[in-house]
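1. can't give you the sequence, but here's the structure:
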């Protein structure tokens, strides 16, 4: 099965940029505006604008400074920081020189940051603040290729970005080709040691142009950059917004997104499913606390919103009676949910993992447009995406222009196109394993329905019971996480007689019911165990007999990045979790 999307480019695409350097220069010239970026001037302080001209000058200064300190085409430039305008500044400056950037998540511990900087051979690293600088101090002796450290904010004993920008002089004339390396992005390591994904200029530019074509971004849009820009998903969205001339606002931190939404009032935002799941859970919990007329009114408004959504997904006008009821529902109830996001959200984009149908439908019923897509770091990243007016909730949309998708005999999704990586850095065997016969093997299992791709699971995550039955854990886990009492879930049972599950309770909700006890005491209470047995029973009702969860264990703490249970993109490291809770799992299967 092959789904191919042909690209109707038009005369204006004859001059489309071929490299990120070209894109930056063209977009800076064609879309000057006084508020090209928005960034807080300090913790809790108001957002301040940065103009196109100011940003352009700083990028040029940074490129000259990089060149002055010996960075040349092909040298790697590390970035250890959360989202901020200085991150983009260094990135674009590096692209002008043809020096690939190596982004590192600011949540990485020192040893993991050291591995990436050492493996990539980074010559210089830009750190956000003292917390990030201290990581480099800790591991500096193990980084023989690292010559310079520059701090984006004041850090004692480290060259400041301001001083760095004073280096060098003269114009920078980009000499970058389509096939030159643009970035090295290290995979999050759910299945082993992180690998450096080599993405070229052609990979990234082809993907950002395709995204602009199908996602209807405009110069008037304001995008809130919330996901770490080290994540290729957020990065390609930010590239697309800059190319089109939109404004990009940076979240202060990942924890301040609620306040940032209300202050920035964005029109576009990208997020991973965990964000939508948490919002869904909080709204459902809040609705469950309402009573009487308010509760009936809210339920009726959401019901009307759900009916209207079926037309809006297809881009069809609403019948007049429904249009009238939907307008009333928005005025009385739904607008309150929109006000929490600033009141101007035009598009939510979801990616990074499958979004459950229930959560997607819920957001649509509130009047939000949620466009779910699919891709991997290795594909720059977008392969498919739902488009405005062409949405099928429960799928990840149609193939983007210029890309091909094929479903292999075993159900694995294969991809071919200009977005597919060159390979893994200095790992020819691993590269050959996933790049075969011109196709990239994603490791994901899926199916095509009328051109729409549906993801069912990860190939390596499939469980096989001792009875020979294959079980896809993610759909079951998603159903569990939709229940307000459950914060997280990991299904186990590979080569066992039956599937079981490790559950992380929603401790805030538990304490509201049973009192302010330590988590370890709460999960040991028989009445709490009985409560969660009911939750599991509800999910089991819709599962096949061989999928039903026979046992569960309540964990006294959530999975964390610092604890090594989650990747920086909040994906569960199954192997790590199963090793960490091996004794708990063994107890589940004890006769």
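-> Looks like it came in fine. If you're wondering where the values come from, they're calculated on a predicted model, not measured in any experiment. Residues are numbered from 1 along each chain as shown.

2. thought residue 538 was touching residue 485?
-> No - with contacts counted by C-beta atoms under 8 Å, residue 538 stays clear of residue 485, the gap being 10.4 Å. For the C-beta atoms, the positions are set from N, CA and C on the backbone; glycine is no exception.

3. Please name the nearest non-neighbouring residue to residue 152.
-> Distances taken as C-beta to C-beta, 6 or more residues apart in numbering place residue 86 nearest to residue 152, at 4.4 Å, with adjacent residues excluded.

4. Next: residue 411.
-> residue 445 (4.5 Å).

5. That neighbour: neighbour count?
-> 23 (other C-beta atoms under 10 Å).

6. give the contact list for it.
-> Counting by C-beta atoms under 8 Å, 6 or more residues apart in numbering, residue 445 makes contact with 410, 411, 412, 413, 455, 456, 457, 458, 459, 462, 472.

7. One more pass at 6 Å, please.
-> If you count contacts by C-beta atoms under 6 Å, 6 or more residues apart in numbering, residue 445 has them with 411, 456, 457, 459.

8. Roughly how far does the second one sit from residue 361?
-> Going back to what we said before, that points to residue 456. Counting by C-beta to C-beta, to the nearest Å, the separation of residue 456 from residue 361 is 18 Å.

9. Run through this protein and note the low-pLDDT ranges.
-> 1-14, 188-192, 467, 591 (pLDDT under 70).

10. So which bits of the longest helix seen in it are buried?
-> Ranked by residue count and defined by DSSP state H, the top helix of the chain is helix 292-313. Residues of helix 292-313 classed as buried: 298, 301, 302, 304, 305, 308, 309, 310, 312, 313 (neighbour count, 16 or more other C-beta atoms under 10 Å).

11. Then stretch 28-39?
-> Neighbour counts over stretch 28-39 (16+ other C-beta under 10 Å) mark 28, 31, 36, 37, 38, 39 as buried.

12. what helices or strands is the longest helix of the chain leaning on?
-> Judged by 3 or more C-beta pairs under 6 Å, 6 or more residues apart in numbering; DSSP states H and E, the packing partners of helix 292-313 are helix 320-329, helix 357-365.

13. would you list the buried residues of stretch 28-39 in CSV and tack on secondary structure and distance to residue 264?
-> Converted to CSV, these look like this (DSSP: H, G, I helix; E, B strand; the rest coil; distance: C-beta to C-beta, whole Å):
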residue, secondary structure, distance to residue 264
28, helix, 22
31, coil, 19
36, coil, 14
37, strand, 11
38, strand, 6
39, strand, 10
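
14. In three-state terms, how would residue 406 be classified?
-> With DSSP: H, G, I helix; E, B strand; the rest coil as the basis, residue 406 sits in strand.

15. Next, work out how far apart it and residue 389 are.
-> Taking C-beta to C-beta, one finds residue 406 at 26 Å from residue 389.

16. again, but for residue 144
-> With C-beta to C-beta as the criterion, residue 144 and residue 389 are 54 Å apart.

17. And for residue 356?
-> Relative to residue 389, and taking C-beta to C-beta, residue 356 is found at 22 Å.

18. ok, the two, which is more surrounded?
-> residue 356 (22 against 12).

19. Please name the residues that touch the more buried one.
-> residue 478.

20. swap in residue 181?
-> Contacts of residue 181 by C-beta under 6 Å, 6+ apart are 100, 198, 200.

21. which of the residues you listed lies closest to residue 525?
-> Ranked by distance to residue 525 (C-beta to C-beta), the contacts of residue 181 are led by residue 198 at 51.9 Å.

22. From what I see, the closest one and residue 426 are in contact.
-> No - judged on C-beta atoms under 6 Å, residue 198 makes no contact with residue 426 at a distance of 9.5 Å.

23. in which helix or strand would I find residue 93?
-> In this assignment (DSSP states H and E), residue 93 forms part of helix 85-97.

24. tell me how far that helix is from the chain's mean position?
-> Put simply, helix 85-97 sits 21 Å off its chain's centre (C-alpha atoms, centre = their mean, to the nearest Å).

25. Check which helices and strands that helix is in contact with.
-> Using 3+ C-beta pairs under 6 Å, 6+ apart, helix 85-97 sits against helix 20-30, helix 52-68.

26. Let's see that with 8 Å instead.
-> Under the contact criterion of 3 or more C-beta pairs under 8 Å, 6 or more residues apart in numbering; DSSP states H and E, helix 85-97 touches helix 20-30, strand 37-40, helix 52-68, strand 77-80, strand 101-104, strand 124-127.

27. if you compare those, which one is most tucked away?
-> Sort the helices and strands packed on helix 85-97 by mean neighbour count, taking mean count of other C-beta atoms under 10 Å, and strand 77-80 sits at the top with a mean of 27.

28. Give the pairing partners of it; include direction for each.
-> According to DSSP bridges, strand 77-80 forms sheet pairs with strand 101-104 (parallel), strand 124-127 (parallel).

29. Which residues does the first one contact?
-> For strand 101-104, contacts defined as C-beta under 8 Å, 6+ apart pick out 76-80, 90-91, 94-95, 113, 116-117, 120, 122, 182-186, 196, 229-230, 235.

30. can you pull the contacts of residue 558?
-> Applying C-beta under 8 Å, 6+ apart to residue 558 gives the contacts 487, 488, 504.

31. want to throw those residues into a markdown table with secondary structure and distance to residue 544?
-> Shown next, in a markdown table, are these (three-state DSSP; distance: C-beta to C-beta, whole Å):
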| residue | secondary structure | distance to residue 544 |
| --- | --- | --- |
| 487 | strand | 26 |
| 488 | strand | 23 |
| 504 | strand | 25 |
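
32. export these to TSV and tack on neighbour count and distance to residue 224?
-> Output for those, formatted as TSV (neighbours: other C-beta atoms under 10 Å; distance: C-beta to C-beta, whole Å):
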residue	neighbour count	distance to residue 224
487	22	25
488	22	25
504	21	28
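
33. Neighbour count for residue 538 and residue 485, which is higher?
-> Neighbour totals were compared for residue 538 and residue 485, and residue 485 leads with 18 against 12 (other C-beta under 10 Å).

34. what helix or strand is residue 477 on?
-> According to DSSP H and E, residue 477 maps onto helix 473-481.

35. Return the residues in contact with residue 422.
-> The contact partners of residue 422, by C-beta under 8 Å, 6+ apart, come to 181, 198, 199, 200, 203.

36. Residue 179 now?
-> Listed by C-beta under 8 Å, 6+ apart, the contact partners of residue 179 are 200, 201, 202.

37. and it, backbone torsions?
-> With angles defined as degrees, to the nearest 10, residue 179 sits at phi -90, psi 0.

38. Give me the distance between it and residue 199.
-> From residue 179 to residue 199 the distance is 11 Å (C-beta to C-beta).

39. Residue 517: neighbour count?
-> Residue 517 has 15 neighbouring residues, counting by other C-beta under 10 Å.

40. start the count at 19, not 1, going forward
-> Let's use 19 as the start, then, which means that last one is residue 535.

41. so who does it touch?
-> By C-beta under 8 Å, 6+ apart, residue 535 lies in contact with residue 529.

42. that older thread, among the contacts of residue 440, which ones are in strands?
-> Cross-referencing these against strands under DSSP state E gives 199, 216, 217, 218.

43. Relative to residue 276, which of these is nearest.
-> Nearest to residue 276 out of the ones in strands among the contacts of residue 440 is residue 217 (C-beta to C-beta; 32.3 Å).

44. and the closest residue to that closest one other than its chain neighbours, which of the three is it?
-> In space, and not counting its chain neighbours, residue 217 is closest to residue 201: 5.2 Å by C-beta to C-beta, 6+ apart. Classification of residue 201 using three-state DSSP returns strand.

45. And residue 201, how close does it get to residue 96?
-> Look at residue 201 and residue 96: by C-beta to C-beta, they are 11 Å apart.

46. Residue 153 too?
-> Residue 153 is 11 Å from residue 96, by C-beta to C-beta.
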